[in-house]
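In: Prediction below, plus the sequence it came from.
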Protein chains: 2
Amino acid sequence: MAVIAVWKCDRDGSMFDDKKDAEAHDKMLELAANITYVIEKNIQSVSEEDCEAIGLLLAKHSDVLAKACKGKPELLLEEVNATENKETNNTDNNVTPMTQTG
Amino acid sequence: MAVIAVWKCDRDGSMFDDKKDAEAHDKMLELAANITYVIEKNIQSVSEEDCEAIGLLLAKHSDVLAKACKGKPELLLEEVNATENKETNNTDNNVTPMTQTG
């Protein structure tokens, strides 16, 4: 039997067949952790759990967030509304939407 | 007496002598409001006040945040530590640091 490489992201243990995907995922988690750190350092009234949820939420939208930071803040609204439409379409097809737990 | 134009940002009423500064400030506040909106829409357990504080915090660091989103997440940590060093230096000179209220 052949032996094949599988790539594991040590931040959360998730596994990938493709090294690039694993690296992209690791970079996303690093960004999430650093956004969480910035919030925790500056705004003490937000719980650790919420800081982590916010870091992950924003890191998952990093492409749009980067463009928004570079002069197109309206793109963030489009992103949220697009995600909502996807979810409402899903519920129309009686599929439980992927809810972002706080 | 001469009459000169002064530029007011209607989001928060702040005034600027220079139109470009006023527009940059308005864009920053729009980014802050949109980040706040994304968080409020996705994470209900964070207070409105905290969502606004986080939006403003991240919008004020939009340059570094954009770079962090584009593959350099470590820059966010440098930014926070740099801000902290500035504040500790200030306290050494008996100056009250600008604390980010939650």
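Out: On my side now, so go ahead.

In: In contact with the nearest residue to A:Phe16 once chain neighbours are set aside: list those residues for me.
Out: Computed as Cβ to Cβ, 6 or more residues apart in numbering or on different chains, the closest residue to A:Phe16 that is not its neighbour in sequence is A:Ala22, at 3.9 Å. For the C-beta atoms, the positions are set from N, CA and C on the backbone; glycine is no exception. Going by Cβ atoms under 8 Å, 6 or more residues apart in numbering or on different chains, A:Ala22 touches A:Trp7, A:Lys8, A:Cys9, A:Met15, A:Phe16.

In: Equivalent analysis for A:Glu23, please.
Out: By Cβ under 8 Å, 6+ apart, A:Glu23 lies in contact with A:Trp7.

In: show me what contacts the residue minimising distance to the centre of chain A?
Out: By Cα atoms, centre = their mean, the mean C-alpha position of chain A lies nearest to A:Lys60, the distance being 2.3 Å. Counting by Cβ under 8 Å, 6+ apart, A:Lys60 makes contact with A:Met28, A:Ala32.

In: Need the pLDDT of it.
Out: A:Lys60 carries a pLDDT value of 95.

In: ok, it to A:Ala24 distance?
Out: 12 Å (Cβ to Cβ, to the nearest Å).

In: Any idea how far apart the tips of stretch A:10-27 sit?
Out: Stretch A:10-27 has an end-to-end distance of 12 Å (Cα to Cα, to the nearest Å).

In: send the alpha carbons of stretch A:66-86 over as PDB?
Out: Below are the C-alpha coordinates for stretch A:66-86, written out as PDB (Å, rounded to 0.1, in the frame of the first residue of the first chain):
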ATOM      1  CA  ALA A  66      -8.700  44.000   3.500                       C
ATOM      2  CA  LYS A  67     -10.600  45.700   0.700                       C
ATOM      3  CA  ALA A  68     -12.800  47.500   3.200                       C
ATOM      4  CA  CYS A  69      -9.700  48.800   5.000                       C
ATOM      5  CA  LYS A  70      -8.300  50.000   1.700                       C
ATOM      6  CA  GLY A  71     -11.200  52.500   1.000                       C
ATOM      7  CA  LYS A  72     -14.200  50.300   0.200                       C
ATOM      8  CA  PRO A  73     -15.900  49.800   3.600                       C
ATOM      9  CA  GLU A  74     -19.300  49.200   1.900                       C
ATOM     10  CA  LEU A  75     -18.000  45.800   0.700                       C
ATOM     11  CA  LEU A  76     -18.400  44.500   4.300                       C
ATOM     12  CA  LEU A  77     -22.100  45.200   4.200                       C
ATOM     13  CA  GLU A  78     -22.500  43.400   0.900                       C
ATOM     14  CA  GLU A  79     -20.600  40.400   2.400                       C
ATOM     15  CA  VAL A  80     -22.900  40.200   5.400                       C
ATOM     16  CA  ASN A  81     -26.100  40.600   3.300                       C
ATOM     17  CA  ALA A  82     -24.800  38.000   0.800                       C
ATOM     18  CA  THR A  83     -24.200  35.500   3.600                       C
ATOM     19  CA  GLU A  84     -27.700  36.200   5.000                       C
ATOM     20  CA  ASN A  85     -29.300  35.700   1.600                       C
ATOM     21  CA  LYS A  86     -27.500  32.300   1.300                       C
END
